[in-house]
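Undergrad: prediction below, plus the sequence it came from.
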Amino acid sequence: MKCFLDTHIFIWALDDNKRLRAKHKSLISNPANEIYVSFYSLMEISIKVSLGKLPDFKASISDILVQLDKSDFTLISCDASHLSAYETLPLLEDHRDPFDRFIIASAMAEKLPILTSDKKFHLYKNLLRLVP
């Protein structure tokens, strides 16, 4: 199975955090699955770390890139198809987080199911496949 990780799931997978659901952990750790992470997640992590919004997360972007290689996760860069998908996303009053929206658009463009714990992603369940 191919799976796209939202930022929190990615962080929790890197940290082996207890908040990572057993279902997600099983999918991520199964070597038969292909796991994808968005460049937008790295941008979001970098910004949140610099603002002190992830006080328990100590990895630098360099550390994360090394971990990506070790874990066989595939980093998906942003491209025109992601921007086109972003442009078609409805701008919902209840959800304006730009990083979430870019991650959702990327999953849509790549046609990948997304692993998430974010309830706001369910607002887009008619546009993409969620693995809650």
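TA: Alright, I've got the coordinates. Just so it is clear, the model here is predicted, and its values are computed rather than measured. Residues are numbered from 1 along each chain as shown.

Undergrad: C-alpha from now on. contacts and neighbour counts both.
TA: OK.

Undergrad: give me the residues contacting stretch 82-93.
TA: Outside stretch 82-93, the residues that touch it by CA atoms under 8 Å, 6 or more residues apart in numbering are 101, 102, 104, 105, 106, 108, 109.

Undergrad: what is the rounded mean pLDDT of it?
TA: Confidence over stretch 82-93, taken as the mean pLDDT, stands at 85.

Undergrad: just give me how far that stretch sits from the chain centre.
TA: Centroid separation for stretch 82-93 versus its chain: 16 Å, with CA atoms, centre = their mean, to the nearest Å.

Undergrad: please apply the same query to stretch 27-41.
TA: Taking CA atoms, centre = their mean, the mean C-alpha location of stretch 27-41 is offset from the chain mean by 9 Å.

Undergrad: now do the residue positioned nearest the centre of the chain, the pLDDT please.
TA: The C-alpha lying nearest the average C-alpha coordinate of the chain belongs to residue 6 (CA atoms, centre = their mean; 2.1 Å). Residue 6 is assigned 96 on the pLDDT scale.

Undergrad: before we move on, the earlier item: can you redo the contacts of stretch 82-93 as JSON lines with neighbour count?
TA: As requested, those are exported to JSON lines (neighbours: other CA atoms under 10 Å):
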{"residue": "101", "neighbour count": "21"}
{"residue": "102", "neighbour count": "22"}
{"residue": "104", "neighbour count": "29"}
{"residue": "105", "neighbour count": "23"}
{"residue": "106", "neighbour count": "29"}
{"residue": "108", "neighbour count": "20"}
{"residue": "109", "neighbour count": "18"}
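
Undergrad: circling back to that earlier point, residues contacting the residue nearest to the centre of the chain?
TA: With contacts defined as CA under 8 Å, 6+ apart, residue 6 is in contact with 37, 38, 41, 100, 103, 114, 115, 116.

Undergrad: for the residues you listed, which one is nearest residue 50?
TA: residue 41 (14.1 Å; CA to CA).
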